[in-house]
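*Asks:* Need the 3D shape of this:
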Amino acid sequence: MTNNLADEFNKAMFSLYQQTKTQTSYNPKTFHNMLIEHGGVKTAQILLGKAQPSEGYTTLYELHRLDLTIEAFIWDNPKFHELFSPDELNIAKKRLIDYCYIN
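*Replies:* Numbering: from 1, shown residues only. Okay, here's the model as predicted:
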C-alpha cells in the first residue's frame, strides 16, 4: 500500500463526510470520529469488517444517497481497490448489490 494513495483516500473520506453533512439531513458524527481516530483506510476496514452494514449506511440508503457510502466510494473508484483485500471489496460489492446500488 502506498502512503500517497492512503493519504489521498483519507482526504477523500473527510470530503465524503463533508458532502454527507452538507448534501443530506444526516450528520455522520460517528464516521467523523472514526476518521479522526483511525484514518480513512482503517475506518473503511472496520466498517467493512462488520457483519451488517453500519447505521450510517442504512440511513444513507433511506435518504437515497448510497453514493455517499464508503462502499460506493470504494466501488466507484477502482484506483483505491489496492488498499483493500479481495474479501473487503467483495463485502462492499455485496452490500451495494443487496441495496440495489449496482447490479
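*Asks:* Report the contact partners of the residue nearest the centre of the chain.
*Replies:* Geometric centre of the chain, nearest residue: Ile70, 1.0 Å, by Cα atoms, centre = their mean. Applying Cβ atoms under 8 Å, 6 or more residues apart in numbering to Ile70 gives the contacts 13, 16, 43-44, 47-48, 57, 92. Heads up, the C-betas are built off the backbone N, CA and C, glycines and all.
*Asks:* 6 Å instead, please
*Replies:* For Ile70, the contact set (Cβ atoms under 6 Å, 6 or more residues apart in numbering) comprises 44, 47.
*Asks:* Where does the prediction get shaky in this protein?
*Replies:* 1-2 (pLDDT under 70).
*Asks:* longest helix in it, by residue count?
*Replies:* helix 3-23 (DSSP state H).
*Asks:* Next, the residue nearest to the centre of the chain: phi, psi?
*Replies:* Backbone torsions for Ile70, taken as degrees, to the nearest 10, come to phi -60, psi -40.
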